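Q: no sequence for this one, just the structure:
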């Protein structure tokens, strides 16, 4: 129960708290009112009983009293209200009658007389339940100097009826008041919490902004009316505004730092292309110059040429990523993905003849708007990734389909799969983790990062699912109109 209440909203807690407090106050007030009325009416009835006892005693024993009352005799009961019980008590012997509406006297039963034997002489009335139609009575027993004690009792029926009527009114009024309090309290709490709802809406809007990368203009703030520090909600709004200010400053600093890094990478990559081309050219020229060179020198020159080619590829990849990060626009023209996939798989087959390459193409062209060279690079990188990280004999299936207004390119293999520890970061730059996959050739760790950057620049998305025996890379792109 406590755990269920912990999940209640603030609105529900406030409304339930208000209604519960009002219910408690209403119960206390109603109980006090009913008990006070009951005590007052019983006190008045006691006064009537004592007064009637005095009159009955004077009537029965005074001049012309007539002695004990008997059934049908009303003379001693003259002046008493209907329903009054009067009689005499001498030890265990009680004789009493009840006065009817027409002042006729009706004798009590033996059981009722036996109940009256419990009375003790006292000036304070006592409640006795006579049962049957009579119910509870307030009795007073008065000793008489000569003769038996006199007892007089009056019914509590009217007292109970009046108290029950008040109790019914209190219950009905309390229920109506609680219902009204619930409705009015709900409306008041709803109005009171509207500023908090606007604060939540602002925070939710900020949480949906793409803050993870790029230039971000975080101009969203809680309205000034909801950021008044003199109120509790205003304090929350003001704190959120200060937090958003700090976040905006941090994002601005981050963007400036990233811009400097991108500029440095682009400039450095651009500047490195010329000396790398020179190194490669001189190494190749020396190796092919017809000079008699020792075998170790020829081997060293071959390694210099090979590493210069590899470093040039790395520089080109870094330069491409820097340009994509800088938001430079790509070419946009119709590209048939089926034809592109055919060319890329043909090249992959030539580079890795020890794998089984399978094409799964639709009967109709699948055309998107984009940069043909970059999209070809996406497919080439995915196929190269499957070739490099799977053993010989692996089957690689490349397919393209059109689904729901989007083109979907899949590259699947039945290799050993990607290590689950590496899988979340597989599209990050310089992510180099083999896990269960064997590496037969080195890589820069930028191939899949370039895939993600190019696909994102085309308004698409890339994903991967992998388990031992199955790895599927999927690229989604919007179809051309």
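A: Perfect, I can see it now. The model shown is predicted, which means the values in this text are computed figures rather than measured ones.
Q: what strand or helix carries the closest residue to residue 18 other than its chain neighbours?
A: Setting aside the residues directly before and after it, residue 18 is nearest to residue 185 in space (CB to CB, 6 or more residues apart in numbering), at 4.4 Å. In this view, the C-beta of every residue, glycine as well, is placed from N, C-alpha and C. Assigned by DSSP states H and E, residue 185 belongs to helix 157-192.
Q: repeat for residue 368
A: Here residue 368 is covered by strand 367-370, with elements defined by DSSP H and E.
Q: which helices and strands does that strand pack with?
A: strand 333-336, strand 470-478 (3 or more CB pairs under 8 Å, 6 or more residues apart in numbering; DSSP states H and E).
Q: please name the nearest non-neighbouring residue to residue 96.
A: residue 87 (2.6 Å).
Q: how about the secondary structure of residue 409?
A: The three-state assignment at residue 409 reads strand, by DSSP: H, G, I helix; E, B strand; the rest coil.
Q: hang on, it packs against residue 474?
A: Yes - under the criterion of CB atoms under 8 Å, residue 409 is in contact with residue 474, at a separation of 7.2 Å.
Q: of the two, which one has the most company?
A: Set side by side, residue 409 and residue 474 show more neighbours around residue 409, with 27 against 16, by other CB atoms under 10 Å.
Q: OK, contacts around the closest residue to that one other than its chain neighbours?
A: Closest residue to residue 409 in three dimensions, ignoring its sequence neighbours and counting by CB to CB, 6+ apart: residue 475, at 4.3 Å. With contact taken as CB atoms under 8 Å, 6 or more residues apart in numbering, residue 475 is in contact with 378, 382, 408-410, 451, 455, 460-462.
Q: run the last query once more with 6 Å
A: Contact analysis of residue 475 by CB atoms under 6 Å, 6 or more residues apart in numbering lists 409, 455, 462.
Q: that one and residue 451, how far apart?
A: 7 Å (CB to CB, to the nearest Å).
Q: joint contacts of these two?
A: Overlap between the neighbourhoods of residue 475 and residue 451 consists of residue 462, taking contacts as CB under 6 Å, 6+ apart.
Q: per-residue confidence averaged over the helix or strand containing residue 309?
A: In this structure, residue 309 is located in helix 295-325 according to DSSP H and E. For helix 295-325, mean pLDDT rounds to 78.
Q: tell me which strands and helices that helix is in contact with?
A: Of the remaining helices and strands, those touching helix 295-325 by 3 or more CB pairs under 6 Å, 6 or more residues apart in numbering; DSSP states H and E are helix 232-287, helix 447-457.
Q: buried set for stretch 96-106?
A: In terms of neighbour count (16 or more other CB atoms under 10 Å), stretch 96-106 has its buried residues at 96-99, 105.
Q: where does confidence bottom out across those?
A: Per-residue confidence across the buried residues of stretch 96-106 is lowest for residue 105, with 81 (pLDDT).
Q: would you check that that one makes contact with residue 98?
A: No - between residue 105 and residue 98 there is no contact under CB atoms under 6 Å: 7.3 Å.
Q: show me where the stretch 1-150 of the chain has strands.
A: 85-90, 93-99, 105-107, 126-129, 136-142, 149-155 (DSSP state E, counting those that start in this stretch).
Q: now, of the ones you listed, which is deepest in the fold?
A: strand 149-155 (a mean of 24; mean count of other CB atoms under 10 Å).
Q: what packs against that one?
A: Contacts of strand 149-155 with other secondary structure elements, assessed using 3+ CB pairs under 6 Å, 6+ apart, are made with helix 10-61, strand 85-90, strand 136-142.
Q: direction included, what does the shortest one pair against?
A: Which is strand 85-90. Taking DSSP bridges as the criterion, strand 85-90 sits next to strand 93-99 (antiparallel), strand 149-155 (antiparallel) in its sheet.
Q: so where's the stretch 351-481 of the chain shaky on pLDDT?
A: For the stretch 351-481 of the chain, the stretches flagged by pLDDT under 70 are 431-444.
Q: can you show me the helices along it?
A: Taking DSSP state H, counting those that start in this stretch to define them, one finds helices in the stretch 351-481 of the chain at 372-388, 447-457.
Q: any chance of those in CSV with distance to residue 414 and mean neighbour count as columns?
A: Written out in CSV, the entries for the helices of the stretch 351-481 of the chain read as follows (distance: least, CB to CB, whole Å; neighbours: other CB atoms under 10 Å):
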stretch, distance to residue 414, mean neighbour count
helix 372-388, 10, 21
helix 447-457, 19, 21
